[in-house]
Structures are given as C-alpha cells and as structure tokens.
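>>> structural data only, the sequence is not supplied:
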Ligand SMILES: Nc1ncnc2c1ncn2[C@@H]1O[C@H](COP(=O)(O)OP(=O)(O)OP(=O)(O)O)[C@@H](O)[C@H]1O
Ligand SMILES: [Mg+2]
C-alpha cells in the first residue's frame, strides 16, 4: 500500500487540478444550459486563450495571473461577438446548424493556430512552476494552489452573477422560457451572446491558471475539453453546481488512477466514470430529469 | 392610446390577420373575441413585437411601433401577459416579479413587489418557491403580477381565465375591473364571452382575419347575430 502522505497529496493534487477542470466545464455547461447547444469550439477557444497567455509572456513578459485582467475581457468580447454576429446568424434558429457552425469554427481556429505556430509545444520559460508551499509534511505546488483558489472564487462569482443580478436572472429565464423573457423586454440574442461570452471568459481564466504549469500546442484545448465533457455529463448537463462537484471528483479520480496505473493510463479512470454515469444515472448528479 | 390600422400578419405562407382595424382609448376595457384559431394571440404577439407585422400601422401613444423591437415596446409601457402564462419555471416567484421590471419600472421595484403581494397574498406565501411548482391559478396570478411590475400604460391580457375554477374566474374578472378602475386601459382576449362583454367598454369580434363586428359592449351583447354565433342563443 501507499503511505498516507502520498495518498493525501494525490487527493489534494486531484482537487487542485479538478477545480481548473471545473472552470472549463463551467463554460461548457453554461452554454449548454442556456443556448441548448454543445459548443464544439470550446476546446479550440481554450487553446486560443492559452496561446494568448503564452504570447503575452513571451513577447512582453506579462505575468500570467496579471494577464487575466486583459485576456478575460478580450475573450468575453470575442465570445460575445462570435455568438452575436457569427454563430447566431449562421444558425437560422436550427440547433443542428449551430453544432455544425461551432464544429467549423473549431476547425478554422485550430488550423489558423497550426499555420501560425506549427505543431510545436510551448511553455512559459519561467521557474514559477517549481515553487511549492509547505503544508506540514506536505508539499503543494504554488501555481496549482493558486489555480484551485482562483477557480473556486470564479465559480462563486459566476453563481452570484447568475442568482443576484438582473443579467444573471435574465440568463436563467431565457434558458427555460424565451417568449416570456421577450415579453418582459429581455433581448434574447443579447443574453445568448453574454452567455457565450461568459463561457469564453471562464476559458480565459482557466488558461491563465493552467499556463504556469502546463504547455500549449494547437491541440491542447481538445484534451481538456474531453475531460470537461465527462465532468458535464457526471455533474448534469447545464448544472453549475454539477460542474464544480463533477470537476473536483474527476480531478481526484484522475490523480488516483494516475497513482495506481501510471501517468499514461491515468485518464482511464475518467472514462470509466463517464460510461458508468451514462449507464446508471444519465441525468448526472445534479441534472434535471427530462 | 393604441391605434391599429390595416394590420396584416401571419406565419410562412399562411396569412392569419388580413387587415385589422382596432383601437383602445384611455381608461377603456376593450374585449377581443373570436373563435379558436382566428388569430387573437397572433394579434397580441404582433402588438408586443414578438411576431412581425407584414403591413399596416400600429401606434401607441401616437408613436409608430409596428417595426419596433419587443424590448422597446415593453419600455414604452405596452405590456402583454401571454396566453399560457409563460412564467419562468426555474426561477422563484420573487425572481419572476423582479424580472417583470427588467426593462421598465426598475426604480420602484421593491414597492411594486409589495403591491403585487398585497394584490395576491398567495404569491407572498410562495415567494421563495420555484414558479414551475405553482398551481395553474397561482401561475396566472404570477403572470399578471409580473406584467404589473413593468408599470403598464396599457395591459394586454390573453385568456387570463383559461383553466381557472369558476370562483377564480370570477376573481380574475374582479381584478381586471379593479385594475381598470385605477386608470389602467386593458385589452382583454377571452373565451368567456358573456362575462367579457359585461366587463368591457367596447368589443371587437374577429372572423377570418378581420374585424367582423365591433362596438359598444352592451350593444354587442344584445346583437342577435352575435348571440347566435357565439352564445348559441
Ligand atoms: N408559430 C406559428 N406558426 C405557424 N402557425 C401558427 C403559429 N402560431 C399560430 N399559428 C396559426 O395561426 C392561427 C391563429 O392562431 P392564434 O394562436 O393567434 O389563434 P387564437 O385566436 O389565439 O386561438 P385560441 O382562441 O385557440 O387561443 C392558427 O391557425 C394557428 O394554427
Ligand atoms: Mg389564443
């Protein structure tokens, strides 16, 4: 058996990674819950944000955490504009079209990045990744601890936005009752775009939290989004709480199966869970029953 | 207050409204009656900007609104409480009311919620409950309450008594009278022809996409053609 210290460290590492996964899943589940579409461009948009963080550091030495101040609003704006002026108009009100449009968008973005950066992998050339915090006998990676705290904070902010502001209430209203929403003067196209923008803003925060310890190439986003899909299914499509709890669970599962099976097989645990959830509880932990 | 002339609208190839002329003046209750599927709900949707007009003119307070967005029509104070309630089932009763003042009446939101709760004490008891779990009658109260939150200058009610028990229907008509008594002009779409004509100042009967009969509600109630067609008398 493993020493308790190793197990505890694995659990904490899992939680820390899981919180950032949750952030990525949050964007996906929010867009699904309100627009009722699966955004296939989510991964490519994450990659774009990660390249933006890398670029800001490589060119101007902007600290990745500081970069949030610029990249988060930029990604929000890009997401807003994409939904309002590209995805929305191109879909002509049909959900099938939206799927194709977001899929097409992801292909365009990925290939644009390939053309610009080739398939090389890049990381921030700083030693911030190596800093650790001592917690009694435990050593925890500082950037991952920051990632954990920031992810929880952003999730809490998003919850407050959705439940305590008019914009948030309008988002939740549009998710279930479009005609009613229009009759109280809510502009549905605007709310859709804000929601898509928020999903992209979550990705931007995740990118800033990931880059100190990860690397980026034109396909990195896709790997994260595969995990995020599992989280969304586990937590329940459209559920914010589900995304957070699901993210933490998946993080811990990945960490333990990595410990038991080795790094390369670590993700097997995640997909076992994915299949189990689909078999046993297809609505997920917090999903509404159809 | 509201002037509609030559209004045409429809869906795809089908034309539902084929030239409607109608008006609502200050202080009036105007009943709009007609058989199922004649286009009453369509008319309301065109007036509130969620279905577009193909021809004709709509003036609200003298301003043309036939091409205006739904949100700017709400902003102007023309409030439509739709058929089937269309409340937000996943939001609490209080949140539904709060969103009623999303575009208009935000400044007096807290006072207006109090007023709605005074009018419908049942809603106060259920303030924190998800609106989707309310009974049909309570949902109808909520839909009207949400409409009142926008401080309407003209209220359109589309079949407010649909699915209510006879006692509640009576209450609903009393409420319409009370609101009107406070100076609010109301356009009332109803299946309860007798009660509506009793309540209304004037009435319009729609048939085949146009106004077949119109006039003073009391006169119409006595009209033999109408009594035959709609009351089976
Ligand atoms: N979204 C739509 N698409 C196509 N046709 C529609 C649509 N909505 C309504 N219609 C058609 O338009 C006609 C008028 O419908 P509308 O709902 O306005 O009638 P109504 O007078 O309100 O009827 P009811 O008394 O049953 O409520 C009907 O024939 C209906 O089938
Ligand atoms: Mg109708």
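That came through, no problem. Everything quoted here is computed from the prediction, not taken from an experiment. Ligands and ions are numbered 1, 2, ... in the order given.

>>> in three-state terms, label the residue of chain B found nearest ligand 2 for me.
Nearest residue of chain B to ligand 2 (C-beta to the ion) works out as residue B:41 at 3.1 Å. For the C-beta atoms, the positions are set from N, CA and C on the backbone; glycine is no exception. Classification of residue B:41 using DSSP: H, G, I helix; E, B strand; the rest coil returns helix.

>>> which strand or helix spans the closest residue to ligand 1 within the stretch 151-290 of chain A?
Here the residue of the stretch 151-290 of chain A nearest ligand 1 is residue A:179; by C-beta to the nearest ligand atom that distance is 10.3 Å. Element membership of residue A:179, judged by DSSP states H and E, is helix A:178-183.

>>> check which helices and strands that helix is in contact with.
Packing partners of helix A:178-183 (3 or more C-beta pairs under 8 Å, 6 or more residues apart in numbering or on different chains; DSSP states H and E): helix A:166-176, helix A:188-210, helix B:70-76, strand B:78-81.

>>> buried set for the second one?
The neighbour-count criterion (16 or more other C-beta atoms under 10 Å in any protein chain shown) identifies A:188, A:190-210 as the buried residues of helix A:188-210.

>>> now for that helix, which elements pack on it?
Applying 3+ C-beta pairs under 8 Å, 6+ apart, we find helix A:188-210 packed against helix A:4-35, helix A:42-60, helix A:64-81, helix A:88-91, helix A:142-164, helix A:166-176, helix A:178-183.

>>> rerun that using 6 Å as the cut-off
helix A:4-35, helix A:42-60, helix A:64-81, helix A:142-164, helix A:166-176 (3 or more C-beta pairs under 6 Å, 6 or more residues apart in numbering or on different chains; DSSP states H and E).

>>> nearest to chain B, out of the ones you listed?
Nearest to chain B among the helices and strands packed on helix A:188-210 is helix A:166-176 (4.4 Å), distances taken as C-beta to the nearest C-beta.

>>> what angle do that closest one and helix A:4-35 make?
70 degrees (axes from the mean of the first three to the mean of the last three C-alpha atoms, to 10 degrees).

>>> now do the SS call for residue B:56.
Note that with three-state DSSP, the state of residue B:56 is strand.

>>> check which residues of stretch B:187-196 are buried.
B:187-190, B:192-193, B:195-196.

>>> same question for stretch A:241-254.
A:242-254.

>>> sketch out the strands for chain B, chain order is fine.
For chain B, the strands defined by DSSP state E cover B:2-11, B:14-24, B:29-34, B:55-60, B:63-64, B:78-81, B:154-158, B:186-189, B:202-207, B:210-216.

>>> ok, which of the ones you listed comes nearest residue A:175?
Among those, strand B:78-81 comes nearest to residue A:175, with 21.1 Å by C-beta to C-beta.

>>> I'd like to know which elements the closest one is packed against.
By 3+ C-beta pairs under 6 Å, 6+ apart, strand B:78-81 packs against helix B:136-148, strand B:154-158.

>>> ok, how many other residues are close to residue 13?
The chain I'm using is chain A. Counted by other C-beta atoms under 10 Å in any protein chain shown, the residues lying close to residue A:13 total 22.

>>> ah, I was thinking of chain B
5.

>>> ok, the residue nearest to residue A:138 when sequence neighbours are not counted to ligand 1 distance?
Setting aside the residues directly before and after it, residue A:138 is nearest to residue A:9 in space (C-beta to C-beta, 6 or more residues apart in numbering or on different chains), at 5.7 Å. Distance from residue A:9 to ligand 1, counting by C-beta to the nearest ligand atom, to the nearest Å: 59 Å.

>>> helices and strands of chain B: which one bottoms out on pLDDT?
Lowest on mean pLDDT, DSSP states H and E among the helices and strands of chain B sits helix B:224-231, with a mean of 72.

>>> break chain B down into its domains, please.
B:1-77+B:155-233, B:87-152 (automatic domain parsing).

>>> quick one: the last one to chain centroid distance?
Its chain's average C-alpha position is 16 Å from that of domain B:87-152, according to C-alpha atoms, centre = their mean, to the nearest Å.

>>> which helix is the longest one in chain B?
Using DSSP state H, we find that the single longest helix of chain B is helix B:166-181.

>>> which residues of chain B lie near chain A?
Selection of chain B residues close to chain A by C-beta under 6 Å from any C-beta of the partner chain yields B:50, B:70-71, B:74, B:80, B:82, B:86, B:88-91, B:95, B:99-100, B:102-103.

>>> poorly predicted segments of the chain, please.
The chain I'm using is chain A. Counting by pLDDT under 70, chain A contains low-confidence ranges at A:1, A:288-290.

>>> I was thinking of chain B, sorry if that wasn't clear
Ranges of chain B meeting pLDDT under 70: B:229-233.

>>> how about the contacts made by the most centrally placed residue in it?
With distances taken as C-alpha atoms, centre = their mean, the residue of chain B nearest its centroid is residue B:157 (1.8 Å). Counting by C-beta atoms under 6 Å, 6 or more residues apart in numbering or on different chains, residue B:157 makes contact with B:81, B:188.

>>> do that again at 7 Å, thanks
B:81, B:176, B:186, B:188-189 (C-beta atoms under 7 Å, 6 or more residues apart in numbering or on different chains).

>>> picking that back up, mind giving me TSV with the buried residues of stretch A:241-254 and columns for distance to residue A:230?
Shown next, in TSV, are these (distance: C-beta to C-beta, whole Å):
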residue	distance to residue A:230
A:242	12
A:243	11
A:244	14
A:245	13
A:246	8
A:247	10
A:248	13
A:249	10
A:250	6
A:251	11
A:252	13
A:253	10
A:254	10
